[in-house]
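Asker: can you look at this prediction? I've put the sequence above it.
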Amino acid sequence: MECDNSEVSNLECLREDMEFPGAGLGSMIVSGLEHCVRHCRDTELCEALTYHVSKRKCYLKSQQGGSSGPKIRVDHQSMNMKCDNGEVRNLECLREGVHFKGADLRDLPVADEEACIRHCRDTTNCTALSFREADQRCYLKSRRGGEAGPTIEAGYNSMNMKCDTNFTLDKDCIRPGYNFPGADLSNLVTEDEEECAKHCIDTEQCSAISFRAFDQRCFLKFMRGGSIGPTLTPGFNSVNMKCDNSAVTNLDCLREDIYFPGADLRYLAVGSEEECVKHCRDTERCVAVSLNQSPHQMGCYLKSKRGGDLGPTHSGGYRSMNMECDNSEVGNLDCMRQGVYFPGADLRNLIVGGEVECVRHCRDTSLCVALSYRQSDKRCYLKSKRGGSSGPTVTAGFKSMNLRCNNDPVDNLHCLREGVYFPGADLRYLIVADEEECVRHCRDTELCTAVSFRDSYRGCYLKSRRGGGSGPTFLTGYRSMNLQCDNEELNRECVKENVYFPGEDMRNLVLDDMETCVRVCRDTEDCRAVTFDEIENRCYFKRVEFEWWQDQSKDSSYSVNLSCS
């Protein structure tokens with residue numbers, strides 16, 4: 001609806017005897033180069049073009065420089081619709097005697113480094129380059145520092161298109177006498193930690209270094225603190241490129257006589273709790289610590305999960321903490337269900353002082369979302385699923401709660417289907433007072449999406465699938481509902497008359513009319529479409545939606561996709 005008929009004025013972007021391979025949008029025969037440029041203007045995603053001169057063929061491209069950068073090819077002209085022909089001013093980023101190996105987009109012969117830089121400018125994904133002096137070959141790179149960082153190699157010069165020329169190493173981040181083992185990108189010989197750190201900032205994924213003094217070897221790391229945290233190793237100094245040297249102010253998270261078993265990253269001997277916390281700060285995956293005091297030293301265990309692998313245990317002589325904790329007042333005891341137990345999905349059980357302490361232990365445990373508390377012996381069961389593995393049971397002497405719950409009034413009983421049962425997909429059966437209590441138990445259960453209620457026994461069936469295992473059945477004495485339902489009227493404009501949807505049947509039922517057919521499909525988890533045979537009053541439930549070209553003609557059949565209805 002809008003076009004650009006102005007004079008072609010960007011031919012200064014033209015690159016003679018160059019092809020931009022890949023990233024094709026289409027091709028056509030044109031009268032000349034300017035005609036090709038106009039076609040690119042008229043095409044929404046067009047960013048560049050290649051013109052085959054002798055054949056007058058125009059190739060439109062969706063990326064600057066094509067998919068992987070320019071290629072020398074006689075009788076071809078290429079250009080980006082927008083280009084940078086300005087003076088090369090970033091040669092201060094050039095690292096002499098350094099090779100950025102890997103992450104190659106394209107290599108081609110050039111006159112010098114400046115020509116190589118211009119080709120990188122012309123290529124969408126180019127962020128770095130290496131130049132080999134011996135044959136003046138230019139390697140365009142898709143990652144800063146190449147695949148895994150620089151190597152010292154005579155005859156190569158390399159650079160990132162953007163670099164930090166003002167970088168100075170923060171000496172306060174140096175950890176003298178510590179190695180960060182693992183998570184290696186590459187290693188090379190450097191003069192000192194400063195030069196090592198400069199190679200790190202030149203490397204896309206580098207976040208830490210270790211420097212070995214005796215042979216001046218620099219190890220570039222892609223994780224803060226290495227793969228599993230620092231080790232005390234004479235002759236090494238290590239640095240995270242970003243570090244936190246602020247005062248330790250979170251010792252209020254420390255839990256006395258508590259150990260966090262499992263999820264171990266590293267064990268170190270330390271002088272204090274603060275030192276242990278600082279090591280955890282320096283380690284990318286560390287979120288918690290456990291400490292124990294022996295007669296000769298304090299031991300520090302770095303942990304990759306809050307509360308350890310499965311939650312805390314009582315252990316004299318230990319103290320444990322998460323790096324972040326919630327010490328606020330326990331204000332969610334309204335979620336506690338009296339006389340209810342959440343079986344299964346156990347992480348840990350331990351003796352506690354009361355429900356409040358049980359809640360705090362759950363807060364401290366990475367996977368804990370619920371708990372059960374046995375009053376007789378004050379035993380606390382931490383749970384990894386809301387409502388336990390398959391929902392609550394009525395059990396005297398227990399209290400149970402989800403850390404987050406919904407105590408709002410039950411306001412979705414309009415979803416209740418009279419005389420309907422949802423067979424299968426059972427999680428739990430329990431006796432309740434009424435449908436509202438049944439719905440509340442379903443809310444409390446992680447996998448519960450539907451319920452069936454039996455009038456005679458006041459039996460509540462919690463279901464893991466909308467409509468049960470295969471959809472509703474009509475059965476006197478039952479009422480069933482999905483926690484979320486669609487009671488909207490059928491949109492008759494969506495119904496295809498005298499059309500049958502072939503195959504993809506889930507099941508079929510005899511029903512009163514098309515509206516009932518659609519409602520039952522809506523109540524069934526995997527139902528996507530229906531066909532209703534008006535002669536037999538038979539409804540066919542379909543597991544997929546149907547396209548127009550799949551329609552088959554059949555008298556007295558009506559079909560609809562639910563996404564339309």
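Answerer: Yep, that arrived.
Asker: what segments of the stretch 451-565 of the chain are helices?
Answerer: Under the criterion DSSP state H, counting those that start in this stretch, the stretch 451-565 of the chain contains helices at 514-522.
Asker: please read the previous query as pertaining to the chain.
Answerer: Counting by DSSP state H, the chain has helices at residues 33-41, 113-121, 193-201, 273-281, 355-363, 435-443, 514-522.
Asker: next, the buried residues of the fourth one.
Answerer: To tie it back to what came earlier, the one meant is helix 273-281. Under the neighbour-count criterion of 16 or more other C-beta atoms under 10 Å, helix 273-281 has 273, 275, 276, 277, 278, 279, 280, 281 buried. Heads up, the C-betas are built off the backbone N, CA and C, glycines and all.
Asker: for residue 333, see how far away the spatially closest residue to the third one that is not a sequence neighbour is.
Answerer: Distances taken as C-beta to C-beta, 6 or more residues apart in numbering place residue 300 nearest to residue 276, at 3.6 Å, with adjacent residues excluded. Here the criterion is C-beta to C-beta, to the nearest Å. By it, residue 300 lies 35 Å from residue 333.
Asker: residues contacting the residue most central in space within the chain?
Answerer: The centroid of the chain falls nearest to residue 285 when counting by C-alpha atoms, centre = their mean (16.3 Å). Each residue near residue 285 by C-beta atoms under 8 Å, 6 or more residues apart in numbering is listed here: 223, 228, 229, 265, 304.
Asker: burial check on the residue nearest to residue 276, number of neighbours?
Answerer: The burial count assigned to residue 300 is 24, neighbours taken as other C-beta atoms under 10 Å.
Asker: my read: it touches residue 289, true?
Answerer: Yes. The pair residue 300 / residue 289 is scored as a contact, 6.1 Å apart, by C-beta atoms under 8 Å.
Asker: residues shared between the contacts of these two?
Answerer: The contact sets of residue 300 and residue 289 overlap at 276, 279 (C-beta under 8 Å, 6+ apart).
Asker: quick revisit: who's in contact with the residue nearest to residue 276?
Answerer: Contacts of residue 300 (C-beta under 8 Å, 6+ apart): 267, 268, 269, 270, 275, 276, 279, 289, 290, 291.
Asker: how near is the closest residue to residue 536 other than its chain neighbours to residue 418?
Answerer: Once flanking residues are discounted, residue 536 sits nearest to residue 510: 7.2 Å by C-beta to C-beta, 6+ apart. Separation of residue 510 from residue 418 (C-beta to C-beta): 18 Å.
Asker: what do you get for residue 367?
Answerer: 40 Å.
Asker: these two: which is more packed in?
Answerer: Taking other C-beta under 10 Å, residue 367 and residue 418 do not tie; residue 367 has more neighbours (18 against 9).
Asker: pretty sure that one sits against residue 347.
Answerer: Yes. The pair residue 367 / residue 347 is scored as a contact, 6.0 Å apart, by C-beta under 8 Å.
Asker: what sits in contact with each of these two?
Answerer: Common neighbours of residue 367 and residue 347 (C-beta under 8 Å, 6+ apart) are 310, 311, 384.
Asker: quick one: which of these has the most company?
Answerer: Neighbour max across the shared contacts of residue 367 and residue 347 (other C-beta under 10 Å) = residue 311, 27 neighbours.
Asker: residues in contact with that one?
Answerer: 260, 347, 348, 350, 361, 362, 364, 365, 367, 368, 382.
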